[in-house]
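Asker: Next input, structure requested:
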Amino acid sequence: MFRRIKNLFKPEKPEPRVITFDEIPRWLDDREGTLTGALLDTTASPMHAIRESVTSLQQTIELLRAAEYNEEIHPKLKSIAKNTLPQYSKAMGILLSKSLPEDVDGFYITATEILKGCINSTRGQGKYLRTVFPQEMKSVQTGIDAIGRQINAMTDALAHFRKEMEHITEAKRTHGALADINMDIEKSFEKEKRIGHRIDDTRNRLGECEQELATLGRDESQGILAEQRHTLELMIEERDRTVRRYAALSMTASHVLRKAEKLAHKQRKSADEAALHRAMGVLSGHGVPDATDLAQTLAAAYPIAVKMIDCGEVPLKNKEERALFSDPVGFISEIGKLSQKYTTQVTQCEAAEHSLRSHPVVARSETLEREKAQLEIILKKEIQSRADLITWRVDLNQRIPGLQQRLKKVMGDISGNDVQIQYFPIPVPSP
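Answerer: Numbers count the residues shown, from 1 in each chain. Just a heads-up that it's a prediction; the model follows:
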């Protein structure tokens, strides 16, 4: 019974303050204005009192500077006081002449500096003056204490103001973070939509390329083109056989000529060495040389090598080398014919390939294949870009609940009551 009666008189819990997300910046600005006004009202009296105390203290210092010495004090103490008083009064005069700003923060900082300076000077140089000028120094201490009390009053007011302003700053920062996330999410949906359009366009174009390629694959000219391709393949195979045969002969000859060149160098036969070196250069080149140049170069180098072989100075190690250098004229003739044959085959292959590639169906097919390959690369990049964007947006969304809880708490701390925040609708992609 008693508990029920007690509950009847229990104060009801206030209803939570309801505020929309968009109203928060203005509400915080109003709250900041209210706090600033309250601070000005609270600190007006202490600031006025401090100004008066500083003025009064300046007058006290002037009186101290003109004060007469008591003749009964010890001479040594009197001497110390005479040396100390000018220094003390000068230091206090500099401190008390500092301009006190009109704004609360600036005033508080300067007043605190004045107070600390006065305390330090009075505890330092001023301590020798207390015995010599007890009344004047008592007035100085009274003035310092008056400044200290008013600064303490300002300290409490500023501490409350700064604490509230920290909450307001945090609320603004958190509100701004949520607003930025909302904007970023909206923009991400717009960007995703643009990426989606590009993906659709790319896929459509890929489909068109594939359809046209399929149509070209059924063109009536494909039979003739197939025959041309087959003929070209046979020509390329024959050309490659020629190259392989030439490479085998030139490699065998180069091996023997290299040994002959080293021997000529050792024997200091510069002319022979030069002829052999030129032959080596022609045979070791990446391509197949001109038949005339090849024949002339080998005709100059072969007799030198054969002479060294016949003298036993350059040994032949296998049947290929022996066959090659047993009939120099035949070898030069054969490798020259291979060079000439290759030149002719290259020309024929190029003409056949040009004829094939210049056919309208082939030319169009190759163009479409290149475009298709490029589109597939673009499509892959766009799909990856969209996936990365979605992942980034998910990460952003995961930050929202924590920021909302933080904003709710700090808004409650500011208002002194539970707060309900009505948020903007979560952005969704437009159809």
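Asker: Could you report the pLDDT at the closest residue to Gly143 other than its chain neighbours?
Answerer: Closest residue in space to Gly143, ignoring its immediate chain neighbours: Leu57 at 3.7 Å, by C-beta to C-beta, 6 or more residues apart in numbering. Quick note: C-beta positions are derived from backbone N, CA and C, even for glycine. If you check Leu57, the pLDDT there is 91.
Asker: Point me to the helix or strand that includes Leu57.
Answerer: When secondary structure is defined by DSSP states H and E, Leu57 falls within helix 24-66.
Asker: Which helix or strand lies directly C-terminal to the worst-scoring helix or strand of the chain on mean pLDDT?
Answerer: Between all helices and strands in the chain, the lowest mean by mean pLDDT, DSSP states H and E belongs to helix 2-8, at a mean of 46. Stepping forward along the backbone from helix 2-8, the first helix or strand reached (DSSP H and E) is strand 17-20.
Asker: Name the strands paired with that next one and say parallel or antiparallel.
Answerer: According to DSSP bridges, strand 17-20 forms sheet pairs with strand 419-422 (parallel).
Asker: Convert the partner strand to PDB, retaining C-alpha atoms only.
Answerer: Extracted as PDB, the C-alpha positions of strand 419-422 are listed here (Å, rounded to 0.1, in the frame of the first residue of the first chain):
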ATOM      1  CA  VAL A 419      16.500  12.500 -27.200                       C
ATOM      2  CA  GLN A 420      14.700  10.900 -30.200                       C
ATOM      3  CA  ILE A 421      16.200  11.800 -33.600                       C
ATOM      4  CA  GLN A 422      14.100  11.300 -36.700                       C
END
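Asker: Could you list the buried residues of it?
Answerer: By 16 or more other C-beta atoms under 10 Å, the buried positions in strand 419-422 come out as 419, 421.
Asker: Start the count at 42 instead of 1 going forward.
Answerer: With the count now opening at 42, the last piece we talked about shows up as strand 460-463.
Asker: can you tell me the average pLDDT over that strand?
Answerer: Average pLDDT, strand 460-463: 86.
Asker: I'd like the distance from that strand to the chain centre, please.
Answerer: 37 Å (C-alpha atoms, centre = their mean, to the nearest Å).
Asker: Can you list the neighbours in contact with that strand?
Answerer: Taking C-beta atoms under 8 Å, 6 or more residues apart in numbering as the criterion, the residues outside strand 460-463 that touch it are 57-62, 65, 445, 448-449, 452-453.
Asker: Same question for stretch 209-222.
Answerer: For stretch 209-222, the external contacting residues (C-beta under 8 Å, 6+ apart) are 62, 65-66, 69, 72-73, 76, 437, 440-441, 444-445, 447-448, 451-452, 455.
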